[in-house]
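# Here you go, sequence then predicted model.
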Amino acid sequence: MKKLIKNLVKALSVSAIACVAMTGCQDKIDGVTPSDWSEGVMATSAWVMAGTGSTISTSSDVLHLAYSEDGLSWTLLTSSAYTSGIGSTHIRDPYIFRMNDGTFVLLAADFTSDGMFYDPGAGEDWSYGNNPSKRIIVAFSDDLVTWNYEHTLTLTDSTGKYGVRYPRAMYNKFDRCYDIYFTWDNGDGVQGIYYVQTEDFLTLKYDDVHTVFSSDHSVGQATVVKGSSNYYLMCRDTRDSDDDVLETKLGGDIQCAKLKTWGDGTFSIMGDADAAIGNKKSNYYVNRGSDQNNVLWQSEPCVYQLASGKWIMLVNYVSSAGADGQYAAYETENIDDPTSWTDCTSSVTKFSSGRIVGTSVTRITAAELDVLKAAF
C-alpha cells in the first residue's frame with residue numbers, strides 16, 4: 001500500500017496524469033497468489049455489500065455499506081461510508097475490489113455533472129440525462145472506513161450516449177495487471193461490456209478499449225465471477241423500450257455468459273435454446289426460470305458465493321414491480337447451468353430503511369469486520 005500511495009502522489013502531482021512505470025498490480029501478501037482476491041476465492045468469514053443510498057435520489061449518491069457473517073443476513077450500517085468530493089460529487093454503481101496486496105479500491109461511476117438522476121419508480125429514465133461521463137471515481141482504503149487519495153480516471157475517449165457505468169475489476173494473470181470492465185455504448189446507443197487495463201488504478205496501461213461481451217442486442221450492468229472452471233458474466237438485457245419489451249418479452253431481465261479463461265477471448269451467451277423465447281439462447285433470462293414470458297423488470301445483478309459453495313444473485317427492481325420496491329434474490333448450486341437459478345428472496349435480509357442499489361459484495365475477514373462495526 002505504501003508503494004501504491006507513493007505512486008499515487010507522484011501521479012497526481014501533474015496536471016494530466018502521466019504514464020509512469022508502476023508495479024502495484026504485482027504487489028501481494030505472502031502466500032496469496034495474484035488473482036486469489038480478485039476472483040473472490042479467498043475463504044473469509046464475512047462479506048461487505050456496497051451500494052448507493054437507501055433511496056434512489058441525488059442525496060443518496062454516496063457509498064453505503066452493509067455486512068453479513070453468512071452472506072444472507074445483512075446489517076445496514078447507519079451512516080454513509082464515503083462521500084465523493086471530486087468530479088460531480090455524485091457517485092453511482094459503486095464496487096469494492098480487493099487488490100493483490102490485500103487493500104481495497106473503490107470504483108464508482110461519476111454521476112452527471114449536474115447531479116441529475118431520474119427516479120425509475122416514478123416512471124422516468126435511468127439515463128445520465130444530458131451529461132454522460134467517460135470517467136470514474138477511484139479511492140483507496142486499508143480498512144473500508146477511511147478512504148484516501150480519491151481521483152478521477154478517464155476510461156474512454158468518448159462518452160457515448162449514456163457514458164461509462166458499472167465499473168468493476170478483475171486481475172489479468174496473463175498481462176499481470178488489472179482489467180477495469182464497464183458498461184459503455186461507444187456512441188451508437190447499443191450497450192456492451194468493455195475493459196481497459198491498469199497496473200495501479202491511477203493511470204491506464206494502454207489507451208485501447210477492448211470488448212468483454214457484446215450481443216445481438218444491448219446489454220449492460222455486468223458483474224463477473226470465477227466458478228470452479230469458468231468465468232461467468234451476469235448482465236441485463238437493456239434492449240428496446242418498455243412498450244417493446246411488454247410486446248415481445250425480450251429485454252428487461254438478467255442473462256448469463258461464460259468464458260473459459262479471463263483475458264482470453266470474449267464471453268459467449270448461455271441459455272436453454274428450447275426454453276428461450278424464439279428458441280434462441282440470446283433470448284434466455286436466468287431470473288425468469290420456467291416462465292420465460294414473464295418479464296420481471298430486474299436489473300444490476302450482484303453475484304457472490306456462500307461458504308457452502310452455493311451462489312447467490314441479488315437483483316434490483318427497475319420499477320415498483322417488486323412488492324416493496326426492494327431487491328430480489330436467487331440461488332443455485334450449479335452456476336454452470338443457467339436454468340438452475342431459483343428464487344430465494346425470503347432467505348435474504350431486506351433493509352427496513354430502504355434498499356441499496358447498484359450493489360457489489362466483497363469477502364472480508366473477521367478482523368476487518370470488527371473494525372467496520374466499531375467505526376459505524
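Sure, I can see it.

# My reading is that residue 301 lies in a strand. Confirm?
Yes: Residue 301 forms part of a strand when assessed by DSSP: H, G, I helix; E, B strand; the rest coil.

# Got the confidence number for it?
Looking at residue 301, its pLDDT stands at 95.

# Ok, residue 156 next?
Residue 156 is assigned a pLDDT of 92 by the prediction.

# For it, which non-adjacent residue is closest in space?
Spatial nearest neighbour of residue 156, chain neighbours left out: residue 134 (4.7 Å); criterion: CB to CB, 6 or more residues apart in numbering. For glycine as for every other residue, the C-beta is placed from the backbone atoms N, C-alpha and C.

# Quick check: that neighbour touching residue 161?
No: counting by CB atoms under 8 Å, residue 161 is not a contact partner of residue 134; they are 11.6 Å apart.

# ok, what's across the strand from residue 328?
Residue 328 forms beta bridges with residue 315, as assigned by DSSP bridges.

# Compute the number of surrounding residues for it.
The local packing of residue 328 (other CB atoms under 10 Å) involves 20 other residues.

# Ok, residue 216 next?
11.

# try residue 204
By other CB under 10 Å, 21 other residues sit near residue 204.

# Who are the contact partners of it?
Residues in contact with residue 204 (CB atoms under 8 Å, 6 or more residues apart in numbering) are 19, 153, 155, 196, 197, 198.

# Can you report phi and psi for residue 180?
phi -100, psi 110 (degrees, to the nearest 10).

# rewinding a little: can you name the two of the contacts of residue 204 that sit furthest apart?
Distances among those were taken as CB to CB; the most separated pair is 19 and 155, at 14.7 Å.

# Low-confidence stretches in the stretch 51-200 of the chain?
53-60, 88, 111-132 (pLDDT under 70).

# Quick one: the strands in the stretch 201-350 of the chain, in order.
For the stretch 201-350 of the chain, strands defined by DSSP state E, counting those that start in this stretch occupy the ranges 210-213, 219-226, 231-237, 254-259, 268-269, 298-305, 311-317, 328-332, 342-343.

# Mark which of the contacts of residue 204 are buried, thanks.
Taking 16 or more other CB atoms under 10 Å as the criterion, what is buried in those is 153, 155, 196, 197, 198.

# Can I get those in TSV including secondary structure and distance to residue 247?
As requested, the buried ones among the contacts of residue 204 are exported to TSV (DSSP: H, G, I helix; E, B strand; the rest coil; distance: CB to CB, whole Å):
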residue	secondary structure	distance to residue 247
153	strand	40
155	coil	35
196	strand	37
197	strand	41
198	strand	42
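
# Now do the contacts for residue 166.
Going by CB under 8 Å, 6+ apart, residue 166 touches 93, 95, 109, 182, 183, 220, 221, 222, 223, 300, 358.

# any chance of those in a markdown table, with distance to residue 253 and neighbour count too?
Formatted as a markdown table, the contacts of residue 166 follow (distance: CB to CB, whole Å; neighbours: other CB atoms under 10 Å):
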| residue | distance to residue 253 | neighbour count |
| --- | --- | --- |
| 93 | 19 | 27 |
| 95 | 22 | 25 |
| 109 | 22 | 29 |
| 182 | 21 | 26 |
| 183 | 16 | 27 |
| 220 | 13 | 23 |
| 221 | 11 | 25 |
| 222 | 14 | 26 |
| 223 | 15 | 23 |
| 300 | 12 | 25 |
| 358 | 17 | 23 |
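
# Nearest to residue 327, out of the residues you listed: which one, please.
residue 300 (8.5 Å).

# Is the closest one in contact with residue 235, as I believe?
No: the pair residue 300 / residue 235 is not scored as a contact, 9.7 Å apart, by CB under 8 Å.

# quick revisit: same list, the contacts of residue 204, but as CSV with distance to residue 207 please.
Converted to CSV, those look like this (distance: CB to CB, whole Å):
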residue, distance to residue 207
19, 9
153, 13
155, 10
196, 8
197, 10
198, 12
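
# Out of the residues you listed, which is nearest to residue 80?
residue 153 (21.9 Å).

# Quick check: that closest one vs residue 167, distance?
Computed with CB to CB, to the nearest Å, the distance linking residue 153 and residue 167 is 9 Å.
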